[in-house]
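A.B. asks: here's a sequence, model it:
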Amino acid sequence: MEPPHLLFLELSTAAAQVQAESIGKLNALDPVETGLQLLVIVLGLIFSAFFSGSEVAYFSQQNTTRFNDKERKLDRPELRVKRMLDEPRRLLATILIGNTTANIVTAVFAAVVTGKLIIAFDLPKWLVFSAEILVLTFTIVILTEITPKILALKNTYTVSRRLSGLLYVFFVILSPLARIIAKSAAKLEARIPTQQDEISSEDIKAIAEVGERQGTLKGEEREIIENVIEFSNTQVKEIMTSRVNMFAISTEATLDDVLVLIREKSISRFPLYDGDLDTITGIIHAKDILPFLLPNQESTAINWQANARKALFVPVTKKIDDLLRDFQREKTHVAIVVDEYGGTEGLITMDDILEEIIGEIHDEHSDTEELFTRTESGDYIFESRVDLDDVAQILGYDLTTDEDEYETLGGLIYHLTERIPEEGEQVTFKGLELNVHETENNRIRKIRVHVLPQEENDDTSSEGSGSD
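C.D. replies: Numbers count the residues shown, from 1 in each chain. So this is what the prediction gives:
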């Protein structure tokens, strides 16, 4: 048994510890100090909401011209708004500094109050701190971030005016730090390479095809989109009218000759040549012939050279988008295509360029003769000048590659035979039987095309073969 004085000492020590803990708990929940800390938390939330709303109100202005209207005198709030919007980087830095500071102060004092609650009521730390994090996060996100921004977004002009006074105070006070941050951000932005997401032409084509399948685009609209994409890659030689199909007049032609050409071919512009097509001297417009149709005028001796307009000459490799700009600059609708030696290769018009985008253009005077007919046996008879892309679309066969130097069905025959074929000569190519149906002056006029059965297609060479 312990001596009485030792027992009394132990009891006195225990009582002193209990009394000290009680005093500590009471001090931890000092109402004045705790009240001030809670007031700081509330003010931090208010300022956080203020800066969040200001950010949206100022940087989501739908019409900033009202602040730059020189004909209208701005009032004081509008002048403050204009002054701050004139330095957007500094304004943004000011708002972010204020918002970040308010949130940090709120979080720090919330942690202090939470610690006092743990001491005062002897609560589990994990429970109290978890509750603090959840409550504080919810309060900051909902009350000081989302809600102010939604309210400010409804009427950015009015909100920016009302908040301009207090915000301008921070704009001035935080100016040194905001300027440093703004300049540092600008330098960092200049050093960081910006990566731009580029959409390739193939991506656009794929989007158009998906749109057609889903019904949001029509087939014609998809074709126009694809034509526009390929527009800048198309060369003049791919769409020009070959010299063998050109209609031109000689400097020696009479008025009657020209009128017959206009009536039969329904063309309004045609080249004027001296001697042969390699010597194009100008372009004759049908409307320039109208003065010669007066009853007093002679129909024979006309100086066509004096009435011709300047001809535009372009190489076969010129891109049609560049040619379109040439047409706009020169205010003309027709150009003569020449080869590397200066000889006439063909002719191209504005209509040819437009047809590359929107398809064939026909009017009441256009020659709408079909470039192919179908016989009772199912064979096709094509004009030799028909484009291979059109043949592929009609027959469902891919007949060309990017490396091919020929564009027409007649060019394909010349490529396969490597000579001038005779009438009746036949070649096979990619499941098609091509027969030279008609020739004229060493030139193929028409070609008969027979689609071979599938089993014969497997035996034919993709390079083609010839026979008489």
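A.B. asks: what stretches of the stretch 51-200 of the chain score poorly on pLDDT?
C.D. replies: Across the stretch 51-200 of the chain, the ranges flagged by pLDDT under 70 are 62-72, 194-198.
A.B. asks: neighbours around the closest residue to residue 97 other than its chain neighbours, how many?
C.D. replies: Nearest residue to residue 97, sequence neighbours excluded (CB to CB, 6 or more residues apart in numbering): residue 174, at 5.5 Å. Every C-beta, even on glycine, is put in place using the N, C-alpha and C of the backbone. With neighbours defined by other CB atoms under 10 Å, the count for residue 174 comes to 18.
A.B. asks: isn't residue 174 right up against residue 96?
C.D. replies: No: the pair residue 174 / residue 96 is not scored as a contact, 10.0 Å apart, by CB atoms under 8 Å.
A.B. asks: wait, what's in contact with the closest residue to residue 395 other than its chain neighbours?
C.D. replies: Residue nearest to residue 395 in three dimensions, not counting chain neighbours: residue 451, with 6.5 Å by CB to CB, 6+ apart. Going by CB atoms under 8 Å, 6 or more residues apart in numbering, residue 451 touches 378, 395, 431, 432, 433.
A.B. asks: from those residues, which land in helices?
C.D. replies: Among those, the members found in helices (DSSP state H) are residue 395.
A.B. asks: and the furthest pair within the contacts of residue 451?
C.D. replies: 378 and 431 (14.3 Å; CB to CB).
A.B. asks: residue 100 sits in which helix or strand?
C.D. replies: helix 88-121 (DSSP states H and E).
A.B. asks: just checking, what packs against that helix?
C.D. replies: helix 4-28, helix 31-59, helix 125-138, helix 156-173, helix 175-191 (3 or more CB pairs under 8 Å, 6 or more residues apart in numbering; DSSP states H and E).
A.B. asks: show me which residues of that helix are buried.
C.D. replies: For helix 88-121, the neighbour count (16 or more other CB atoms under 10 Å) marks 90-95, 97-99, 101-103, 105-107, 109-110, 113-114, 116-117 as buried.
A.B. asks: domain map for the chain?
C.D. replies: The chain is divided into the following domains under automatic domain parsing: 15-191, 196-231, 235-358, 372-467.
A.B. asks: in the shortest one, what counts as buried?
C.D. replies: When you say that, I think you mean domain 196-231. 208, 212, 217, 222, 223, 224, 225, 226.
A.B. asks: secondary structure, pLDDT and distance to residue 314 added to these, as TSV?
C.D. replies: As requested, the buried residues of domain 196-231 are exported to TSV (DSSP: H, G, I helix; E, B strand; the rest coil; pLDDT from 0 to 100; distance: CB to CB, whole Å):
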residue	secondary structure	pLDDT	distance to residue 314
208	helix	84	30
212	helix	82	35
217	coil	81	34
222	helix	83	30
223	helix	83	26
224	helix	84	25
225	helix	85	27
226	helix	84	25
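A.B. asks: make CSV from these and add distance to residue 425 to it.
C.D. replies: Rendered in CSV, the data for these read as follows (distance: CB to CB, whole Å):
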residue, distance to residue 425
208, 42
212, 41
217, 44
222, 39
223, 35
224, 39
225, 41
226, 36
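A.B. asks: hang on, the earlier thing: if I pick the residue nearest to residue 97, what's in contact with it?
C.D. replies: 93, 94, 97, 98 are the contacts of residue 174 under CB under 8 Å, 6+ apart.
A.B. asks: closest to residue 321 among the residues you listed?
C.D. replies: residue 93 (45.2 Å).
A.B. asks: does that closest one touch residue 176 like I think?
C.D. replies: No: with contact defined as CB under 8 Å, residue 93 does not reach residue 176; the gap is 10.8 Å.
A.B. asks: what segments of the stretch 301-450 of the chain are helices?
C.D. replies: With helices called from DSSP state H, counting those that start in this stretch, the stretch 301-450 of the chain shows them at 304-307, 320-330, 350-358, 388-395, 409-417.
A.B. asks: so residue 391 makes contact with residue 382?
C.D. replies: Yes: between residue 391 and residue 382 there is a contact under CB under 8 Å: 6.5 Å.
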